[in-house]
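Q: here's my sequence, what's the structure:
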Amino acid sequence: MSGLEVRSIDYVPLDERHGKLWHLGPLWFMSNAQIATLAVGLVSITQGGNLVWSLLAIVSGTVIGTFFMAFHSAQGPQLGLPQMIQSRPQFGYVGALLVWLFAYVQYAGFNVFNSILAAGSLHATLHGGVKLWVVVVTAVALVIALVGYDIIHKAERILTYTFLVIFGIFTVGVLVTLHYPAGSFDLGGFRWTPFLAQFGVVAGYQISWAIYVSDYSRYLPPDVTVRKTFYWTYFGSALGGIWLMVLGALLAAWAGPGTFQTIPAIDAAGDKVFTGFGAVVLLFSALGLVSVTALNMYGGSLTLISAIDSFQRVRPTLAVRLVTLGLTAALSLAGALAATSNFLANFENFLLLVLYLFIPWTAVNLMDYYVVRRGHYAIAEIFNPHGIYGRWGRHGIIAYLVGFAAMVPFFSVGTLFLGPAARALGGADISLFVGLPVSALLYWWLTRSIDVAAETRLAAAEAAALEQAAHEHREP
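A: Sure thing, here's the model as predicted:
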């Protein structure tokens, strides 16, 4: 048991900081370089867009969406805290439950999709039944998540090196052996609706990583700098995302009209390289999906502990990790076993809903960290239910709700909902460009009176006690 990670939502003391900054690159590359990401690149093609504009939407959506998640990553080494607990200074000790609920739903939703996709890949190659493999995938991911931070980093590095070989060959095969419909590369074939649908889903997918990123940078020493942390996270995630989403668009264009099935398409495209290579790609893809399922369990556990701590102060022990990881795995397993084909078909809608829910949060959190408080927090107060950040952070909650409300007219969620502004734009969804500035600017305006200097002095006064509490494995 001594090899298992003990820490959860608690502060990581300076003398326990370790790891190398470049490890963030393969971690976030491989987190994105798996076939669930490939499915994100299908949206424009399946809505009638042509290939070249689909590729441009993927690249532009990734470039913009990754920008936000990488800035969240840079918070980890500076604060020594996991990502979602950092919402308390903006939303309050209890008020942060608003975003934690959404975060936990996201972890669960992605885990259901990932574990089914991994099980389907294993069943297609090794047989045995999808449900059996769902159980196996969940169990292996649980063990990885339980061991914790260091093994997750190491596993993603090893998978990255293997990915470059297997998917390098597969990608060359896709580019060389597949043929695409006439007009696929016609720049005159631009259509706003599929372009913005693809852009929004891609940006949302990348922004959805924002709730994870500090979880995997918080053990790094603070002297790694914000700039370098940003770069390693940004380029790792963006390259992995673009690679797989582009592959998805290429495969969807090659497959032509009709319902696209990810696993059969990968198998068939791989076998065009040489017979049996499709199975090799699917087997490796399953490993990548197991690793990202472990990431979701790990982050889900941290979010669940944060939520419990809002009602009853938690001593961050190994037992707490065991219980919350077990519960998160059980919920993921139950969801995957009960999921229907409708859930898988509506993955695009799920991604859009994730985008809508986290756009106002990312705007508020980043505005607070980089502009309002400029990285200066009294960390011990984050764990104090009666501390300076209060139980309800009205500034953050108001900015979040107003930003979300401003986005609603611009929502375009398949057949589920079409806002009046989106309808006027022919179904195009530009809610991202509304919610971000509204929430960010409103939060900045509401927080002009915050005394950052006083908070900085308080942080300095509490620093020694914070380190001591961390060494005793308790909240300060």
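Q: next one: Arg313 relative to Phe383, how far apart?
A: From Arg313 across to Phe383, the span is 8 Å (C-beta to C-beta, to the nearest Å). From N, CA and C alone the C-beta is placed, and that goes for glycine too.
Q: quick check: neighbours shared by those two?
A: Listed contacts common to Arg313 and Phe383 are Glu475; contacts here mean C-beta atoms under 8 Å, 6 or more residues apart in numbering.
Q: give me the more crowded residue out of these two.
A: Phe383 (24 against 12; other C-beta atoms under 10 Å).
Q: which residue packs closest to the more buried one, ignoring adjacent ones?
A: Nearest in space to Phe383, with sequence neighbours left out and distances taken as C-beta to C-beta, 6 or more residues apart in numbering, is Glu475 at 4.2 Å.
Q: where along the stretch 351-476 of the chain do the helices fall?
A: Secondary structure of the stretch 351-476 of the chain by DSSP state H, counting those that start in this stretch: the helices cover 379-382, 394-407, 420-424, 432-446, 452-471.
Q: nearest to Pro89, out of the ones you listed?
A: Taking C-beta to C-beta, helix 379-382 is the member of the helices of the stretch 351-476 of the chain nearest to Pro89, at 6.6 Å.
Q: other SSEs contacting the closest one?
A: Applying 3 or more C-beta pairs under 8 Å, 6 or more residues apart in numbering; DSSP states H and E, we find helix 379-382 packed against helix 452-471.
Q: which other helices and strands contact the helix it packs on?
A: helix 379-382.
Q: so what's Tyr370 closest to, chain neighbours aside?
A: Phe71 (7.0 Å).
Q: got the phi/psi numbers for that neighbour?
A: Here is the backbone geometry of Phe71 (degrees, to the nearest 10): phi -70, psi -30.
Q: my read: it touches Asn365, true?
A: No: under the criterion of C-beta atoms under 8 Å, Phe71 makes no contact with Asn365, lying 9.2 Å away.
Q: neighbour count winner among these two?
A: Between Phe71 and Asn365, counting by other C-beta under 10 Å, Asn365 is the more crowded of the two (30 against 21).
Q: list the residues that contact the more buried one.
A: With C-beta under 8 Å, 6+ apart, Asn365 has these contacts: His72, Gln86, Ser87, Gln90, Ala210.
Q: again, only this time at 10 Å
A: 68, 71-72, 75, 83-84, 86-87, 89-91, 99, 210-211, 358, 396, 400, 439-440, 443 (C-beta atoms under 10 Å, 6 or more residues apart in numbering).
Q: ok, Ala57 next?
A: 41, 43-44, 49, 194-203, 245, 249.
Q: quick one, which of the residues you listed are buried?
A: Using 16 or more other C-beta atoms under 10 Å as the burial test, the contacts of Ala57 include 41, 43-44, 49, 194-203, 245, 249 as buried.
Q: could you check which helix or strand contains the residue lying closest to Ser31 once chain neighbours are set aside?
A: The spatially closest residue to Ser31, leaving aside those adjacent along the chain, is Val292, at 5.6 Å (C-beta to C-beta, 6+ apart). Using DSSP states H and E, Val292 maps to helix 277-309.
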